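Participant: 3D model of this:
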Amino acid sequence: MSKEITKEKFEGFEYIDWGICAPRGFKANGLYCGIKDPHAGNDGNESPISNTKNDLCLVTSDRMCNAAAVFTQNKVKGAPVTVSQKNLSATGGKAQAFILNSKNANTCNADGEQKAYRMCELVAERMNIKPEEVLVAQTGVIGQIFPIEPVERKIDELFSGLSYDGNVKAATAIMTTDTVKKEVAVEFEVGGRICRMGAMGKGSGMIHPNMATTLNVVTTDCAVSPEMLKKALVENVKITYNCLSVDSDQSTNDTLAVMANGLAGNDEITTDGEAFDKFRKALYIVMMNITKMLAKDGEGATKLLECTVSGAKDLDTAIVIAKSVICSPLFKCAMFGADANWGRVLCAIGYADAEFDIDKVDVKLRSKAGEVHVCTNGAGVEFSEETAKKVLVEDEIQILVSVGDGDGKATAYGCDLTYDYVKINGDYRS
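Facilitator: This is a model prediction of the structure:
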């Protein structure tokens, strides 16, 4: 199965290359420092470990950014989440750098906050800024002591290697069980100025709403106030990342931060209006695409599933129903087997915590191979099993659900449930 997603086109927005480095003034770098094996290379020699995938990265801006972020709603929060929250509060929504690592989540550790803050200090010392102006995010195994020494040994190399085309090195450094890097960028116009926005994300398992799900960085050269940046982020996370689920397990370290340095030269967006609408749409596009990438690369996944619910009485009702379908283990298994067991869709809709008329439910299954109508007015209709099989063997499946004639519409994103998911999580720490 290809892990590439089908990108939806939007008028006035053009997809471009370079991910988080696409906007003006953003540099990035990623390297291997040995977080999982902190003693490797301690003698100054190259690490003897064969798995030397990048595990540390840094994203910086040439000038101070307005910043906003959303975090996990899990009661157990990783130390980097707490530190980043404190830093954003201390600066009133400012940041100039973001350091991230994989291989260790730095969660449930007595010295976790101290070490997460130390990472901010290491970056700040080299950029001549305050530690509070640095964000930090970490991912990996929970409950293992985080070794700060490898970061201290490699911070100079990480900083000196920053470049305006270092996006790939950074995007690969935050991967855990991900099989592909996840990045996207778009170009758009605001107030006669060409603006750019880029994003990278990671996540394959332990993915479930709410918040932002996984580790994600969004950069833009569009000038936006911290307040409007947070408003756009919160509105968009509700209909993108918070509608994503791979396995119904919510992470402890979820972080999504947006940094805007204003180098595009547009008048700063401080109120609602045409400029804000354009910016908000750009943010939706990059967040929606990363959401789909995360879903399609779910642990062991072979298919991207998108459930779109229409006709609901409001947006919240549509979201609840769509997420109920996407989160159903039985339905996810049916999609793995290309089995048009539409009763599992109705079952998931039926236990959704939402008000609607089940006798008005209509369900269709669609892919690039065609469409099959399986339910009308809450009851099954005859369909060709052969056609259904052709539709469902594709690697991107749409489940179209109508529940009435209301204005509420939403899409939830997920993946199938396979044998490999169990294999991956059976020996995750080894």
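Participant: from here on, just use CA atoms for contacts and neighbour counts.
Facilitator: Will do.
Participant: so which residues of the stretch 301-430 of the chain form helices?
Facilitator: Using DSSP state H, counting those that start in this stretch, the helices of the stretch 301-430 of the chain run over 315-327, 329-336, 343-350, 385-392, 419-426.
Participant: now the angle from the third one to helix 315-327?
Facilitator: With axes from the mean of the first three to the mean of the last three C-alpha atoms, to 10 degrees as the criterion, the two stretches helix 343-350 and helix 315-327 enclose an angle of 140 degrees.
Participant: about what we covered before: most tightly surrounded among the helices of the stretch 301-430 of the chain?
Facilitator: Each of the helices of the stretch 301-430 of the chain was given a mean neighbour count from mean count of other C-alpha atoms under 10 Å, and the largest, a mean of 25, is that of helix 315-327.
Participant: tell me who's in contact with V234.
Facilitator: Neighbour list for V234: V70 [criterion: C-alpha atoms under 8 Å, 6 or more residues apart in numbering].
Participant: got the angle between the host helix or strand of it and helix 315-327?
Facilitator: Assessed by DSSP states H and E, V234 sits inside helix 226-239. Angle, helix 226-239 to helix 315-327, by the same axes, to 10 degrees: 50 degrees.
Participant: who touches S402 in this structure?
Facilitator: If you count contacts by C-alpha under 8 Å, 6+ apart, S402 has them with 309-312, 360-363.
Participant: and G337, how many neighbours?
Facilitator: Neighbours of G337 under the rule other C-alpha atoms under 10 Å: 16.
Participant: equivalent analysis for the one 5 residues further on, please.
Facilitator: By the criterion of other C-alpha under 10 Å, W342 has 18 neighbours.
Participant: which residue is the nearest non-sequential neighbour of it?
Facilitator: When the adjacent residues along the chain are set aside, W342 lies closest to V374, with 6.7 Å between them (C-alpha to C-alpha, 6 or more residues apart in numbering).
Participant: and that neighbour, how far is that from I290?
Facilitator: Noted for V374: a distance of 30 Å to I290, by C-alpha to C-alpha, to the nearest Å.
Participant: still on that earlier bit, now render the helices of the stretch 301-430 of the chain as CSV, adding distance to D62 and mean pLDDT.
Facilitator: Compiled in CSV, the helices of the stretch 301-430 of the chain are given as follows (distance: least, C-alpha to C-alpha, whole Å; pLDDT from 0 to 100):
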stretch, distance to D62, mean pLDDT
helix 315-327, 39, 95
helix 329-336, 45, 94
helix 343-350, 49, 95
helix 385-392, 48, 97
helix 419-426, 40, 74
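Participant: of all the ones you listed, which lies closest to C222?
Facilitator: helix 315-327 (28.6 Å; C-alpha to C-alpha).
Participant: can you give me how far that closest one is from the chain middle?
Facilitator: 18 Å (C-alpha atoms, centre = their mean, to the nearest Å).
Participant: return that helix as PDB; C-alpha atoms alone will do.
Facilitator: Extracted as PDB, the C-alpha positions of helix 315-327 are listed here (Å, rounded to 0.1, in the frame of the first residue of the first chain):
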ATOM      1  CA  LEU A 315     -21.400  20.300  13.800                       C
ATOM      2  CA  ASP A 316     -20.900  18.700  17.200                       C
ATOM      3  CA  THR A 317     -23.500  16.000  16.400                       C
ATOM      4  CA  ALA A 318     -21.800  15.200  13.100                       C
ATOM      5  CA  ILE A 319     -18.400  14.900  14.700                       C
ATOM      6  CA  VAL A 320     -19.600  12.600  17.400                       C
ATOM      7  CA  ILE A 321     -21.300  10.200  14.900                       C
ATOM      8  CA  ALA A 322     -18.300  10.200  12.500                       C
ATOM      9  CA  LYS A 323     -15.800   9.500  15.300                       C
ATOM     10  CA  SER A 324     -18.000   6.700  16.600                       C
ATOM     11  CA  VAL A 325     -17.800   4.900  13.300                       C
ATOM     12  CA  ILE A 326     -14.000   5.500  12.800                       C
ATOM     13  CA  CYS A 327     -13.300   4.200  16.400                       C
END
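Participant: please enumerate the helices of the stretch 51-200 of the chain.
Facilitator: For the stretch 51-200 of the chain, the helices defined by DSSP H, counting those that start in this stretch cover 79-91, 112-127, 149-160, 167-173.
Participant: just name the most buried of the ones you listed.
Facilitator: Across the helices of the stretch 51-200 of the chain, the average number of neighbours (mean count of other C-alpha under 10 Å) peaks for helix 167-173, which reaches a mean of 26.
Participant: by contact count, what packs against it?
Facilitator: Using 3 or more C-alpha pairs under 8 Å, 6 or more residues apart in numbering; DSSP states H and E as the contact criterion, the neighbours of helix 167-173 among helices and strands are strand 26-31, strand 56-71, strand 193-202.
Participant: list the buried residues in the longest one.
Facilitator: Applying a neighbour-count criterion of 16 or more other C-alpha atoms under 10 Å, the buried positions in strand 56-71 are 56-61, 64-71.
Participant: do the same with the last one
Facilitator: Within strand 193-202, the residues that qualify as buried by neighbour count (16+ other C-alpha under 10 Å) are 195-202.
Participant: sheet-wise, list the partners of it with their directions.
Facilitator: Under the criterion DSSP bridges, strand 193-202 sits next to strand 182-190 (antiparallel), strand 215-220 (antiparallel) in its sheet.
Participant: quick one, which of these gets closest to P80.
Facilitator: strand 215-220 (11.2 Å).
Participant: which residues outside that closest one are in contact with it?
Facilitator: The list of residues contacting strand 215-220 from outside it, by C-alpha under 8 Å, 6+ apart, reads 20-21, 23-24, 26, 137-139, 174, 195-203, 253-262.
Participant: what about S163, neighbour count?
Facilitator: 16.
Participant: number of nearby residues for the nearest residue to it once chain neighbours are set aside?
Facilitator: Distance criterion C-alpha to C-alpha, 6+ apart; nearest residue to S163, sequence neighbours excluded, is K27 at 4.9 Å. Neighbour count for K27, taken as other C-alpha under 10 Å: 24.
Participant: now the longest helix seen in the chain: mean pLDDT?
Facilitator: Counting by DSSP state H, the longest helix found in the chain is helix 274-296. In this model, helix 274-296 has a mean pLDDT of 96.
Participant: any chance of the contacts of S402 in a markdown table, plus distance to E183, neighbour count and pLDDT?
Facilitator: As requested, those are exported to a markdown table (distance: C-alpha to C-alpha, whole Å; neighbours: other C-alpha atoms under 10 Å; pLDDT from 0 to 100):
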| residue | distance to E183 | neighbour count | pLDDT |
| --- | --- | --- | --- |
| V309 | 27 | 29 | 98 |
| S310 | 29 | 27 | 98 |
| G311 | 33 | 21 | 98 |
| A312 | 32 | 25 | 97 |
| K360 | 39 | 16 | 96 |
| V361 | 36 | 21 | 97 |
| D362 | 35 | 22 | 97 |
| V363 | 32 | 23 | 98 |
